[in-house]
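> Take a look and give me a structure for this.
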Amino acid sequence: MRSDAAMESSSARDLIKGILEAKPGGSTVLQEYDETGTLSDSRRRQMVNVLTAHMVESEGRVPQRVTKENYALGIVTLFPSSGDPFSSKGYEHFYDGQSGSGFLAWRLKTIQRKTKFIFKEPKTQTAVGGDPEQQRDLPQIDDQLDERHCEEAISLMNHTNDKRVIFQKMKETFEYRQCLIHNPDRSHTVLSVFPRLLDTKGLVHSSKCSSK
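Below you'll find the predicted structure:
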C-alpha cells in the first residue's frame, strides 16, 4: 500500500494540476514546464497568482494554514524542479507555516491589502559622515523590483546555489538593499536579510574587481 505521505503528495499534486487546467493562464504554466522542465520567474508568479486567487475564491481572504501548506506541497510535487532540496519539507519557499512567509503568503497579503503596494524608495539619502541636512542621490538602477517581488527574490536566493540567479537577484534588489543600509533602525539586518553576501564569492568585491 502507498504511504500516507505519498497519498497526500499525490492528492495535492492532482489538486494543483486541476486548478491550473481549469483557470485562465494555468495551461501556459503547465505547457512551459512540459517543454522546459522548469518554470521561469514570470510563469512562477503567474502560477502563484492563479492559485492564490483560487484559494481566496474557496476560503475567503484568509485561507487556512493547512490549505496553504497543501498547495505548496502540490506545487513541488507537480513541478519537482521547483522544490528546495535543502529545506526540511522542500516547499517552504512557497509557504512556510512557521514564519508565514513564501510566495503564496506574500501574494495573499497583497490581495488582503486590496491595493497595489507601491515601493516608496527615497531618491536621496543623508551623506555618510556629512551634515545631517546634506543629501546625495542614490544611483539609478534599471529593472528594480518592488517590495513584494524583492521578498520573493530574497527567498529564491536563499534557496538556490545557482550563482547566475544569485547575482541577477542581487542586482534587482539593489535599491531595496540600499534602503536597509541607510536606515539606522534596519542597517544591522542587511547580512541577515542577504546572507548570500557572506557565502557567495564575488558579490562583495565584484565592483572592486571590475574597476581594476
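
> Need the nearest residue in space to the spatially most central residue of the chain, chain neighbours excluded.
In the chain, the C-alpha nearest the mean C-alpha coordinate belongs to residue 152, at 1.5 Å (CA atoms, centre = their mean). Nearest residue to residue 152, sequence neighbours excluded (CB to CB, 6 or more residues apart in numbering): residue 103, at 5.8 Å. C-beta here means a position set from N, CA and C on the backbone, and glycine is covered the same way.

> hey, where'd the helices end up in this protein?
4-22, 26-36, 41-59, 65-78, 103-113, 147-158, 163-172, 174-181, 190-193, 196-199, 206-210 (DSSP state H).

> Reformat the ones you listed as a markdown table; add distance to residue 87 and mean pLDDT.
What follows is the helices of the chain, written out as a markdown table (distance: least, CB to CB, whole Å; pLDDT from 0 to 100):
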| stretch | distance to residue 87 | mean pLDDT |
| --- | --- | --- |
| helix 4-22 | 15 | 94 |
| helix 26-36 | 20 | 95 |
| helix 41-59 | 17 | 92 |
| helix 65-78 | 10 | 96 |
| helix 103-113 | 13 | 86 |
| helix 147-158 | 10 | 80 |
| helix 163-172 | 16 | 87 |
| helix 174-181 | 23 | 82 |
| helix 190-193 | 18 | 85 |
| helix 196-199 | 16 | 86 |
| helix 206-210 | 28 | 39 |
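
> wait, which of these is closest to residue 92?
With CB to CB as the measure, helix 65-78 is the member of these nearest residue 92 (7.7 Å).

> which helices and strands does the closest one pack with?
helix 4-22, helix 41-59, helix 103-113 (3 or more CB pairs under 8 Å, 6 or more residues apart in numbering; DSSP states H and E).

> report the angle between the axes of the shortest one and helix 65-78?
Going back to what we said before, that points to helix 103-113. Using axes from the mean of the first three to the mean of the last three CA atoms, to 10 degrees, the direction of helix 103-113 lies 130 degrees away from that of helix 65-78.

> residues of helix 103-113 that come out buried?
For helix 103-113, a neighbour-count test (16 or more other CB atoms under 10 Å) marks 103, 104, 105, 106, 107, 108, 110 as buried.

> Dump the C-alpha coordinates for that helix into PDB.
Listed next in PDB are the C-alpha coordinates belonging to helix 103-113 (Å, rounded to 0.1, in the frame of the first residue of the first chain):
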ATOM      1  CA  PHE A 103       5.400  33.200  -2.500                       C
ATOM      2  CA  LEU A 104       1.800  32.100  -1.600                       C
ATOM      3  CA  ALA A 105       1.800  34.100   1.700                       C
ATOM      4  CA  TRP A 106       3.200  37.200   0.100                       C
ATOM      5  CA  ARG A 107       0.600  37.200  -2.700                       C
ATOM      6  CA  LEU A 108      -2.200  36.600  -0.200                       C
ATOM      7  CA  LYS A 109      -1.000  39.600   1.800                       C
ATOM      8  CA  THR A 110      -1.200  41.700  -1.400                       C
ATOM      9  CA  ILE A 111      -4.700  40.500  -2.100                       C
ATOM     10  CA  GLN A 112      -5.700  41.200   1.500                       C
ATOM     11  CA  ARG A 113      -4.500  44.800   1.300                       C
END
